[in-house]
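Trainee: Next one to model:
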Amino acid sequence: MKKRICPKCKSTNISKDLSKEAYAKGSFFNQYKCNDCGYTGEFFPEVDE
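Mentor: Below is the predicted model of the structure:
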């Protein structure tokens, strides 16, 4: 199984970014957020568990 990691802090505590900012940018379904450091973006690499 693959897991996304934060490119900034390497955490695996990632969720979809459902904020209004992500919705306003039009990347509502492609945006992710790190729940540890707060980094948001579309590129969160996947790694094997």
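Trainee: for this protein, where's the lowest mean pLDDT among helices and strands?
Mentor: helix 20-25 (a mean of 71; mean pLDDT, DSSP states H and E).
Trainee: OK, contacts around the residue minimising distance to the centre of the chain?
Mentor: Geometric centre of the chain, nearest residue: Tyr32, 2.4 Å, by CA atoms, centre = their mean. Tyr32 makes contact with Arg4, Ile14, Ser15, Lys16, Asp17, Thr40, Gly41, Glu42, Phe44, according to CB atoms under 8 Å, 6 or more residues apart in numbering. C-beta: built from backbone N, CA, C; applies to glycine.
Trainee: Buried members of those residues into ChimeraX, please.
Mentor: Buried members of the contacts of Tyr32, defined by 16 or more other CB atoms under 10 Å, are picked up in ChimeraX with:
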select :4,14,17,40,41,44
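Trainee: The contacts of Tyr32 in strands, which ones?
Mentor: Arg4, Ile14, Ser15, Lys16, Thr40, Gly41 (DSSP state E).
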